[in-house]
Structure formats: C-alpha cells, structure tokens
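In: Let's see this in three dimensions:
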Amino acid sequence: MTTVAGVHRSQSNQQQRRVAYDIVPHYKQLRQALFQLGSERHQERKAALQDYSSNVLEILKGGRSDPSLGPPTDAAALHLAYEAGLWQLLDLFLLSEDTQEGFFAEAFAAWLAEHGGLLSSTPGYNTLAADARRLTVSPRIEIDPTYWPIVQRLVLVGQLETAAELLMLHPAYRELQNPGMATQVESIEVVYQLLRVVPRFSRAGSSSSGRLGSMGTLTDDLVQFGRERAEWRKRVDELWAGRERLLAGIKKHDSAAAQGLAGILCLLCAGSDNAANAKKSFEYSSNIATNWVELLTGVLLWKYTTLQPQIHLRQLLATIQAGQKAHERDSDGAFLDFLHELLPASADQEVQSVVSLCTNSPYCSLQFVAHIFDVLRGHPAAERIISRPRPHYGVDQAELYTLNYAETLLGHADTWLMASEYLAWCPVNGAAVMEAVIDQSPFPVQDERMALKALALAQRHGLTAAAAGLCRRLGRAAAQDGRLGAALQWTMRAHDPAVCAELVAPLLAQVQQLLLEQVGLQYCW
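Out: The predicted structure is shown next:
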C-alpha cells in the first residue's frame, strides 16, 4: 500500500503499459471535465462518464484476437479480455442508456455474444462461435451430432442471424427438386420465418442490435412491441400444439431434424401464456444452455424481454441458478462463481459491494480497479459512498487505489511520468507522494532531458521543495563530473546561494590569483 514515507515500485507488464499510455489522456480529460462541471450538472457529468467509459472499453479490447479462433495467446492478453468483459458489464448496469430505457435483455445478450468466451472451460475461447464457424464449412452438416444443439443454443442466446445461416445450410435446400427434401424445407421454413419476424425490443443502430444482427423486427416502442410480441407468441403456441403434424414429413426422412426443429419451437414458448408450455420451455432451455448465464440470457430474451434489472434481476437469478446448476458443463466454474456475486450487486447498484468484489478478485488488476470508480460514478449516490475515508489510511478508497496504481507506473522507466497525472488528482497524499517520486529520481542524473521534464512536473504542481531538491542533486552530480557551468546553473535554479558561493569560490580564487599575478608583473615593470 502507498504511504507518504516512501514509494513502493512494482512492475507492470507490456500490455498494461500499452493500456496505461492510451488511457491517461482520457483520464486527464475526464478529471478536468468533472472539476469544471461541479456536482450539480448531473446530465453533463454522466455524458462525460459515458464517453470516458466507451473510450476505455475500446482500449481494453484493442488488439484482441477473434475469440472464436482460440483462446488468447498469453496470460496478459487473457487478463485484458476479462477486464474488457467486466468493464462492459459494469457499464451496462451503471451507465448504459440501454438498461435505463428498458433494453437490458438485448444489451445483455449482446454482451454474452461478445464476451461469452470468458465463461468457457478454456477461458477466452468462444466455443459457441467456434462451433458455428466449424459447421458453416462442414461438408455433411446434417450428420454432425452437434448441428442441432448448436443451432438451438444460438437461438436461445439471441444470435439469430448465425442460427438462421446454419438452418439455410441444411442439405434439403440444395435438393429442392427432390420431393422428400421439399417437405423438409417446408418444415424448416416455418421455423426460419418465426425467427425472421420475431419482434425484438431494441433500437435499430444501437451497439446491441449491431452485435446481434438485424434478424427479427426491431422496435423501440414498448406498446407496439408488447402487441406484436403477443401476436407472435400466439403463433408459436399454435405451431407447438400442432408440431406432430408440422414435422411429420421431415420426421420420415430426418428424425434428428424433426427433433431439432421441435426443440427450437419449445425454446420459443418461454413466454407462453400456457403455463405448461412455459415450464417445458424452461426445462428444455436448462438442458440446452451450458451455464446459467446462457439460460438467463434466454429467459430474458424470450420471456422477460423488458425486465428492469434493478427491480427484478436478483430474484430471477436465484431461480435461474437453481434450475441450471445440475446441467452446467464446458464452463469456467470459478469465473461463473464470481459473476454469481457480481451480477446481483451490479443490478442492485450496490456500489460498495462491487468495489469489494473487484478489489478481491483475480480477474481485476489494480489498473482496472483504479479506473472503474468512474463507471461506478454513474450511480447517483456513488460519490458519497466512494468518498468515505478508509480507516487507517486517511484517504477515500478512490484515492487509495489511485495511489496504488500510480506506484505500478513508477516501476518502469517509460511510465513513471504518467504517475503524476494520477497523483495530481489525489487531494490528500498526491503531492507528498509526488515529492517522494521526484526526490528519488527514477532516471539517471545524467539524463538532462528527463531531468527537465521532472523539474517542469514539479513546478506545474507547485512542488517547490521537490524542484529545489532535484536541482541541488543534479547540481552536485554535474560538479562531480567537473561540469562547473552546469552545476552552477542547476544550483541557481535551486535558489541556494550558499552552494552557489561554494561552487564559485575556487573559480574566484583562480581569478584573484591571476589578477594578483598581473598586478605583480606590472609592478615589476
């Protein structure tokens, strides 16, 4: 932990240094904006926080490889993938307009589509996307035993465009002249059309609709959505009731296809007014989903589409997790356990609980924790909670973790100057720590370019004592190297007349001796 008495320097890895370089201008811009806006201009403050959060998220995702091609190549890249996913999740609950305006279900499904690989038993590897990619190039897709389970999982979690693409790859579409195949196509087309026209409560052009695609009928009108989804559900119930007749033809030629299509119909019955249909749909979804996050996504999309997470999500999570635990497979149990605690705390906007979880989690680095406070500030009461002094430290928790993060920047020659941008916004201990940093000079005293940067840093932040100490130290080093002019210049900058006189004394003695010698010569002449 940071103390005023000294500065502990810990090392950061190359990925973290890249992120630090990219984030610091946005951090500085946000701090200045919040300072200028004050505490009363709530909407403008929130807009500044949203811009900042979006910029940081893009930085955390920068350079990331396609998760459907395999897991990250090293531990540092995987850690950034975790932090990008968690950052976006917290943004979704605390800053996102989508959640506040009722579009949480679509936004959460979009989050899963982008970061689902984090839930995999091979962390960072999006196996659902990888399996879908594999099936698109399979020469005999209909005999692949994973074909229909993959299509059903895609439908469950709202990735309808990919599911529809795989449906269209069924070999029946290539042999329409064959009467048997034509019958199969008719059955597949019924389900395909259900997916093509399903009403979705989403804004066209939003990040969520962009991630999930445009399959379905998008509307942001709640009344219109309710009316259209009710009509669509009636159609689903009718097809489910008549599924034996609907699938009789395809069942003769391809029993797996008949079962697969029936399964999709069953999934779509989640929001049915028929309690028996809805119960069967939940049970079937529990078997299809590989973990409770997938099941939650399906229940949100197909049943509780307009759910307000702050009011209802915790209760729904309890039901979901109880129904899914026995079916969990191919998933990272440790990360799911972390989400099991983080999700309800975030949904209820329990700021302190979120802070505690992140600060004690192996998935969140000090860099993440130091910056996530500005996402948490999206909650109206966050500032009051964040600004509580921490016992035994004398500072609030935001300053405490910012000080600790600044220490990690001090551990590398390329980033120590960036620490000042963070210390400048630490009102209690920032100046004292910065003085200690400058006093310890984490650069060679011969590096005058870096010395001038450090001096400018001290002067910019009003650290006159640190600036004078730095100049005196550089003056002594120059004097030891025999560079009297440089030594005198640095000492004068330190405003130290005694040392200046000490440096000049030998030179004055030499001048005096020369003058005396000249006077003596003149007298002799």
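In: Could you use CA atoms for every contact and neighbour count after this?
Out: Fine.
In: State the distance from the closest residue to residue 246 other than its chain neighbours to residue 248.
Out: For residue 246, ignoring the flanking residues on the chain, the nearest one in space by CA to CA, 6 or more residues apart in numbering is residue 187 at 6.5 Å. Going from residue 187 to residue 248 by CA to CA, to the nearest Å gives 9 Å.
In: and what of residue 45?
Out: Here residue 45 is placed at a distance of 60 Å from residue 248 (CA to CA).
In: helices or strands next to the lengthiest helix in the chain in the packing?
Out: Taking DSSP state H as the criterion, the chain has its longest helix at helix 497-524. Secondary-structure packing of helix 497-524 (3 or more CA pairs under 8 Å, 6 or more residues apart in numbering; DSSP states H and E): helix 484-493.
In: Now do the buried residues in the helix it packs on.
Out: Across helix 484-493, burial judged by 16 or more other CA atoms under 10 Å covers 484, 486, 487, 488, 489, 490, 491, 492.
In: cool, and stretch 414-433?
Out: Quick answer for stretch 414-433 (16+ other CA under 10 Å): 415-426, 429-433.
In: Just the strands from this structure, written as ranges.
Out: 199-201, 217-219 (DSSP state E).
In: coming back round to it: now, which of the buried residues of helix 484-493 sits nearest residue 297?
Out: residue 490 (64.8 Å; CA to CA).
In: Hmm, the closest one is touching residue 468, no?
Out: No. Using CA atoms under 8 Å as the test, residue 490 is too far from residue 468 to be in contact (9.0 Å).
In: on that earlier part again, quick check: mean pLDDT of the longest helix of the chain?
Out: Helix 497-524 carries an average pLDDT of 71.
In: Now do that helix against helix 484-493: the angle between them, please.
Out: If you take axes from the mean of the first three to the mean of the last three CA atoms, to 10 degrees, helix 497-524 sits at 130 degrees to helix 484-493.
In: for helix 497-524, the distance to its chain's centre please.
Out: Between the centre of helix 497-524 and the centre of its host chain there is 68 Å, according to CA atoms, centre = their mean, to the nearest Å.
In: buried set for the lowest-mean-pLDDT helix or strand in the chain?
Out: Counting by mean pLDDT, DSSP states H and E, the chain has its least confident helix or strand at helix 497-524, which shows a mean of 71. Across helix 497-524, burial judged by 16+ other CA under 10 Å covers 499, 500, 503.
In: Can you check what pLDDT the model gives the closest residue to residue 395 other than its chain neighbours?
Out: Spatially, and ignoring its direct neighbours in sequence, residue 395 is nearest to residue 389 (5.0 Å; CA to CA, 6+ apart). Residue 389 is assigned a predicted lDDT (pLDDT) of 82.
In: ok, residue 389 - contacts?
Out: Residue 389 makes contact with 395, 396, 397 under the criterion CA atoms under 8 Å, 6 or more residues apart in numbering.
In: does it have beta-bridge partners, and which?
Out: In this entry, residue 389 is beta-bridged to residue 396, by DSSP bridges.
In: Can you give me the separation between it and residue 405?
Out: 18 Å.
In: Same question for residue 255.
Out: As for residue 255, its distance to residue 405 is 59 Å (criterion: CA to CA).
In: So if I had to pick from these two, which one is more boxed in?
Out: residue 405 (26 against 14; other CA atoms under 10 Å).
In: Give the burial count for the closest residue to residue 294 other than its chain neighbours, as a bare number.
Out: In this structure, residue 294 finds its nearest non-sequential neighbour in residue 157, 6.2 Å apart by CA to CA, 6+ apart. Here the number of neighbours of residue 157 (other CA under 10 Å) works out to 26.
In: Same question for residue 359.
Out: Other residues near residue 359 come to 17 when the count uses other CA under 10 Å.
In: Same check on the one 5 residues further on?
Out: Counted with other CA under 10 Å, the burial measure for residue 364 works out to 20 neighbours.
In: What is the burial count for the residue nearest to it when sequence neighbours are not counted?
Out: Leaving aside its sequence neighbours, residue 364 sits nearest to residue 358 (CA to CA, 6+ apart; 5.8 Å). Using other CA under 10 Å, residue 358 has 20 other residues around it.
In: Is residue 358 in contact with residue 369, as I believe?
Out: Yes. Counting by CA under 8 Å, residue 358 does reach residue 369; the two are 6.7 Å apart.
In: Please save the CA atoms from stretch 399-417 in PDB.
Out: Presented in PDB, the C-alpha positions along stretch 399-417 are these (Å, rounded to 0.1, in the frame of the first residue of the first chain):
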ATOM      1  CA  GLU A 399      -7.600   7.900  -3.800                       C
ATOM      2  CA  LEU A 400      -6.200   4.900  -2.100                       C
ATOM      3  CA  TYR A 401      -6.400   2.700  -5.300                       C
ATOM      4  CA  THR A 402      -5.300   5.600  -7.500                       C
ATOM      5  CA  LEU A 403      -2.200   6.000  -5.300                       C
ATOM      6  CA  ASN A 404      -1.500   2.200  -5.600                       C
ATOM      7  CA  TYR A 405      -2.000   2.300  -9.300                       C
ATOM      8  CA  ALA A 406       0.400   5.200  -9.600                       C
ATOM      9  CA  GLU A 407       3.000   3.000  -7.900                       C
ATOM     10  CA  THR A 408       2.800   0.400 -10.700                       C
ATOM     11  CA  LEU A 409       3.600   3.200 -13.200                       C
ATOM     12  CA  LEU A 410       6.600   4.100 -11.200                       C
ATOM     13  CA  GLY A 411       8.000   0.700 -11.600                       C
ATOM     14  CA  HIS A 412       9.000   1.300 -15.300                       C
ATOM     15  CA  ALA A 413      11.200   4.000 -16.800                       C
ATOM     16  CA  ASP A 414       8.700   4.600 -19.600                       C
ATOM     17  CA  THR A 415       5.700   5.200 -17.500                       C
ATOM     18  CA  TRP A 416       6.800   6.900 -14.200                       C
ATOM     19  CA  LEU A 417       6.000  10.400 -15.500                       C
END
